[in-house]
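Novice: Just need the structure, nothing else, for what follows:
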Amino acid sequence: MNSQTMSQRLAIPHLLPYTAIEPLSDQIKLSSKIFKSTSMKAITEAYNTTLIEAILVPEIEHQVNYHHKVKPLEEIVNEKGPFRVRIRYTNAGTISIPFLKTQTPRLQPMKEVGIAVKNSVRDAEIRKNWESTTSPSSNDKKTTDGAFEIGWYRVYGPKATMFSKEHHAELHSQEALWEFLLDQELLKGVDENGESVTVEEVRSDVSQIKKSYTDSWLQTLNEVSGYFASRCDQHYQKYGGRYINALFDEKIKWQNRMDETFEKKIRSYEQLINSLEVDRVTMHSDLVSPKSNGSSSDKQLVTNDKRVKKRRVGMGLHERRGLGKRLGDYMEENGVPCYKIGMKFDKKFRF
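Specialist: Reported below is the predicted structural model:
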């Protein structure tokens, strides 16, 4: 309505004498009298809504179909060609993860990539906390008892905490010393075979024996370190050479699909252009078109229901059975996506 008023094809609602809206001052410039969002009350009082439904609404539908549907299809067919499937990489996590860039997002593979990113960050941060000596990782906080809060990983619970290897090593060393002191037989001057030993022999072996106790207790901590390291290495191994080769094979399959889709678009476009040229379709040619339109509501309903909920566009408001065929009707007949008044359209107009 704003563009029609600017081009003086429609009168400014606020300046019409029979509207109940207070007119603007004559000293104000014309452009300032035209608001981008005119109220429905002003439209219904100023204009004949029957003419709007008969002239402007079909024009909007035609312009949307031509500029947002037919012209992009024409560019694809004549200039861009088929969509090229490519292998892209995301560095959101601690490793570089490859994925296929397709024309429409593949929800399940992209979900797996997101999970892999989260797991790689989780394992790297936990390993960093385990090997830490002074401060936690950038994402974790330290509690008053020296533990690291890891509840943000959403795996171990909201109040989950963990201690570093250094903390456990201190406890294990104390346990090793306590176990060593409990070995009463050696302190009594008897070795492990029950034979008597001198005090000098006992003293010479104390440091070595004590070290063996400590090493035995610390062995489990080294195994935990190896486990955390293997968890991190698994992410690198998973997305290594074999994964890339499999992704290349999948890329070829998807590219073949894109080529087949492109061939279908070419056929649909050629059929559409031929139909439009034969019937000399223009913006309001449906008023004098000898060809009547059939029922398309059932087809629209089936097509709309097959879409993912957030991608549904809705249904056309009017059932145009028996009326002249518009551009959208020709597009629907030839398998080209079309727009009809009443459907969802949230893009900015290109006309």
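Novice: I'd like the next helix or strand past the lowest-mean-pLDDT helix or strand in the chain.
Specialist: Least confident helix or strand, the chain: helix 30-33 with a mean of 44, by mean pLDDT, DSSP states H and E. Of the helices and strands lying after helix 30-33 in sequence (DSSP states H and E), the nearest is helix 40-46.
Novice: Tell me which helix or strand comes right after that next one.
Specialist: Toward the C-terminus from helix 40-46 - assigned by DSSP H and E - lies helix 49-51.
Novice: Mind checking the pLDDT average for that next one?
Specialist: For helix 49-51, mean pLDDT rounds to 77.
Novice: What are the contacting residues of it?
Specialist: Identification of contacts with helix 49-51 by CB atoms under 8 Å, 6 or more residues apart in numbering yields residue 43. All C-beta spots, glycine's among them, are computed from the backbone N, C-alpha and C.
Novice: Just the buried positions in the next helix or strand after that helix, please.
Specialist: Using DSSP H and E, the helix or strand that directly follows helix 49-51 along the chain is helix 57-65. For helix 57-65, the neighbour count (16 or more other CB atoms under 10 Å) marks 57, 58, 61, 62, 63, 64, 65 as buried.
Novice: What's opposite the nearest residue to the first one once chain neighbours are set aside in the beta bridge?
Specialist: Think residue 57. Setting aside the residues directly before and after it, residue 57 is nearest to residue 341 in space (CB to CB, 6 or more residues apart in numbering), at 5.6 Å. Beta-bridge pairing of residue 341, defined through DSSP bridges, involves residue 343.
Novice: can I see the domain layout of this protein?
Specialist: Domain assignment of the chain by automatic domain parsing yields the ranges 1-47, 58-96+239-351, 114-163, 166-222.
Novice: Tell me where the protein has strands.
Specialist: 86-90, 97-101, 148-149, 161-162 (DSSP state E).
Novice: so what secondary structure elements neighbour the third one?
Specialist: So the one you mean is strand 148-149. Using 3 or more CB pairs under 8 Å, 6 or more residues apart in numbering; DSSP states H and E, the elements in contact with strand 148-149 are strand 161-162.
Novice: How about residues contacting the strand it packs on?
Specialist: Strand 161-162 is touched from outside by 126, 129, 130, 143, 147, 148, 149, 150, 151, with contacts defined as CB under 8 Å, 6+ apart.
Novice: Give me the sheet partners of that strand and which way each runs.
Specialist: Counting by DSSP bridges, strand 161-162 is paired with strand 148-149 (antiparallel).
Novice: Local confidence estimate at the nearest residue to residue 284 once chain neighbours are set aside?
Specialist: Nearest-residue entry for residue 284: residue 58, 6.5 Å, with adjacent residues in sequence omitted and distances by CB to CB, 6+ apart. As predicted, residue 58 sits at a pLDDT of 86.
Novice: and the nearest residue to residue 118 once chain neighbours are set aside, what does it touch?
Specialist: Excluding its sequence neighbours, the residue lying closest to residue 118 (CB to CB, 6+ apart) is residue 93, at 7.4 Å. By CB under 8 Å, 6+ apart, residue 93 lies in contact with 116, 117, 118, 120, 121, 124, 235.
Novice: Could you rerun that using 6 Å?
Specialist: By CB atoms under 6 Å, 6 or more residues apart in numbering, the contact set of residue 93 is 117, 120, 121.
Novice: How about the last one, nearest residue that isn't a chain neighbour?
Specialist: Here the nearest residue to residue 121 in space, its sequence neighbours aside, is residue 93; by CB to CB, 6+ apart that works out to 5.0 Å.
Novice: Pull up the gap between that neighbour and residue 223, please.
Specialist: 26 Å (CB to CB, to the nearest Å).
Novice: Figure out the length between the terminal residues of stretch 51-64.
Specialist: Criterion CA to CA, to the nearest Å; first-to-last residue distance in stretch 51-64 is 19 Å.
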